[in-house]
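Undergrad: Requesting a structural model of the entry that follows:
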Amino acid sequence: MRSTKRATVAITSLIAFSSLLPPTARAATPSDGGSIDRTVIDRLVFDTPLTRFRLERSRTKRTHRWIITATDGCSAPIVGSTGASFNFRLACERHDLAYANYTLLAQRDAGVEWSAELRARVDDQFQRDLQQLCTTRRHSQRLRCDAWAVVFFHAVRLAAGP
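TA: Below is the predicted model of the structure:
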């Protein structure tokens with residue numbers, strides 16, 4: 001039990017600190033239409049069902065080549081000795097896309113301010129995505145998955161700053 005707890009703390013810390021690293025990406029140049037660019041990212045982050053996110057991201061990348069799609073992803077550690085694990089990679093991919101592209105648009109002065117409010121909105125979507133991924137688990141694993149989703153959410157919030 002004690003070694004499991006230590007491993008859990010170590011893995012959670014690693015996840016939190018690795019999320020501080022910027023995803024590698026080629027140089028991107030948004031179009032001149034800042035509000036259009038913002039709408040493209042808003043649609044992917046807030047309006048696209050998580051189950052369709054990868055497909056829509058791929059389609060959008062073909063027409064808006066400036067979009068940063070690189071991700072460092074994430075996945076949950078093995079929990080206890082049951083061998084059960086919870087893969088939150090899809091939620092992390094969307095979260096990484098949001099952070100990278102809203103930051104890019106803010107840097108390019110494309111009508112986006114990377115504010116505490118926007119970051120909170122993106123993080124709230126991340127939390128909903130994590131919870132949605134847990135709904136696919138068997139009832140017996142759902143509670144544990146929900147608990148790990150909370151840990152992941154708070155680790156990301158803590159690692160990314162106020």
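Undergrad: Going by C-alpha atoms from here, please, whenever you check contacts or count neighbours.
TA: OK.
Undergrad: could you measure residue 36 against residue 107, distance?
TA: Residue 36 sits 16 Å away from residue 107, going by C-alpha to C-alpha, to the nearest Å.
Undergrad: brain fart, residue 158
TA: Separation of residue 158 from residue 107 (C-alpha to C-alpha) stands at 23 Å.
Undergrad: got the contact list for the residue nearest to the spatial centre of the chain?
TA: When C-alpha atoms, centre = their mean is applied to the chain, the residue found nearest the centroid is residue 95 (2.3 Å). By C-alpha atoms under 8 Å, 6 or more residues apart in numbering, the residues touching residue 95 are 45, 122, 123, 126.
Undergrad: if we go to 7 Å?
TA: By C-alpha atoms under 7 Å, 6 or more residues apart in numbering, the residues touching residue 95 are 122, 126.
Undergrad: any idea how far it lies from residue 89?
TA: 10 Å.
Undergrad: Model confidence for the residue nearest to the centre of the chain, exactly?
TA: Here the pLDDT value assigned to residue 95 is 94.
Undergrad: Perfect, I'm done here.
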